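>>> Return atomic coordinates for the entry below.
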Amino acid sequence: MEINTATVTLSANDVSCVGELDVQHLTVEAPAARLTLPIGSGPCGAELTVALTVVERELNRILARHAGAGLRDLQVALMSGSMRITGKFEVMGPIAAPFALVAVPEIEGGTHIRLKVKDVSIVGAALPGFSAQMIGERVNARLAETLNVERLGVPLLLSAISVETGRLNLAARASVEWRPQETAVVRSPDGPAIR
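Got it, this is the predicted structure:
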């Protein structure tokens, strides 16, 4: 038996993705879904729109867990339309220069977030070979690794991002089809298959 539905909506608060990002609010909508019963006897599929909200505290927790790239003591503050990141940039061994960076987050390639740096202030910027661009590149490398949806194993393509005071809001979409004979979840043509 095949079941076809109209709009399906799932809404959840305080979603904990163990070992990854905790989400304050998550909404998944499908304008239509198809399910074959008994489950596993035929294809199932849906076009999904996902909206999620991550709070500032959670971003700081994740960044603290992923140390490296010559950056220390990173702290994110989410403001209306932008974010401020403070921390220390390692120059030589234990020597680190404090910095503050203001940036606007953007989606890159549909899979991760990149910061468009608007302003950087650095203490000790007169050191040779030391530039604001280096800090921006290191912070972006850290974010690309930390906030990459491909790591989740969920076939999502990021479509929108916005920042408000204390919150980061993301929207994504996916075309999901499960064919039990192939044991695969397939992403829409603009993304790779996930098995």
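
>>> Please, where are all the strands along this protein?
2-5, 8-16, 22-30, 33-36, 44-55, 71-79, 82-92, 95-108, 112-122, 157-164, 167-179, 184-186 (DSSP state E).

>>> Export those strands as TSV, with columns for mean neighbour count, mean pLDDT and distance to Gln133.
The way it works is simple: take the backbone N, C-alpha and C, and place the C-beta from them, glycine included. Listed next are those as TSV, based on neighbours: other CB atoms under 10 Å; pLDDT from 0 to 100; distance: least, CB to CB, whole Å:
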stretch	mean neighbour count	mean pLDDT	distance to Gln133
strand 2-5	10	78	50
strand 8-16	11	90	36
strand 22-30	17	90	32
strand 33-36	16	79	47
strand 44-55	18	88	27
strand 71-79	17	89	14
strand 82-92	17	86	12
strand 95-108	17	87	11
strand 112-122	16	85	8
strand 157-164	15	94	22
strand 167-179	18	87	24
strand 184-186	17	49	39
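
>>> Can you give me the first-to-last residue distance of stretch 24-39?
Chord length of stretch 24-39, first to last residue, is 31 Å (CA to CA, to the nearest Å).

>>> who's in contact with Val28?
With contact taken as CB atoms under 8 Å, 6 or more residues apart in numbering, Val28 is in contact with 9-11, 48-50.

>>> if you set the cut-off to 10 Å instead, what comes out?
Val28 makes contact with 8-12, 46, 48-52, 172, 174, according to CB atoms under 10 Å, 6 or more residues apart in numbering.

>>> quick one on the thing from earlier: out of the strands of the chain, nearest to Gly136?
The closest of the strands of the chain to Gly136 is strand 112-122. By CB to CB, the value is 4.1 Å.
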